[in-house]
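fold the following, please.
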Amino acid sequence: MTRPVERSGTFLVLGEAEGQALVLSQALSFWGGIDVETGDITDHSHPGLGQNVAGKILVMPGGRGSSSSSSVLAEAIRRGTAPAGILIERPDPILAVGAIVAEFLYGIRMPLVVCEIAGIVSGDQVLVGIREDGGAIVKI
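Now for the predicted structure:
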């Protein structure tokens, strides 16, 4: 039996989540990139086309524009079609605003963590937790 891999991260939005990893090689824009009613990736130029983000731990290099992505993410969180959590390598204020708005308006937390994503593969079970010092701990 292999021991879980643990890594530290920085919360952009605090929270805990657990789910199956969905690893995307390219950044995804939520505006025009996902169907908010289903969580399906609908961006025809994205390699993840047809995959579903709902309830997954979405792992990607970062977010990709438009500022409207924050409202789409907040709506997906409200509907339950958003990822359970998002791991990114680069901070993304647009994704952070969406998650913060959803927490403020709907009382639903979706953690957003900046951390090393190398070595995580789609299907891995991922746990996002809160360390005693308030930082993120990611267990794979």
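
can we go C-alpha only for contacts and neighbour counts from here?
Fine.

and the strands in this structure, which stretches?
Taking DSSP state E as the test, the strands found in the chain are 6-13, 17-23, 57-60, 85-88, 112-114, 125-130, 136-139.

work out the gap between the longest one and the centre of the chain.
The reference is to strand 6-13. 12 Å (CA atoms, centre = their mean, to the nearest Å).

per-residue confidence at the residue most central in space within the chain?
By CA atoms, centre = their mean, the chain has its centre lying nearest to I86, at 1.7 Å. I86 is assigned 98 on the pLDDT scale.

show the end-to-end separation of stretch 30-45, please.
In stretch 30-45, first residue to last residue: 13 Å (CA to CA, to the nearest Å).

need the residues that contact it.
Stretch 30-45 is contacted from outside by 48-54, 64, 66, 68-70, 72-73, 75-76, 79, 81-82, using CA atoms under 8 Å, 6 or more residues apart in numbering.

pLDDT at the closest residue in space to V138 that isn't next to it in sequence, what is it?
The shortest distance from V138 to any non-neighbouring residue, by CA to CA, 6 or more residues apart in numbering, is to V128 (4.7 Å). What the model reports for V128 is a pLDDT of 98.
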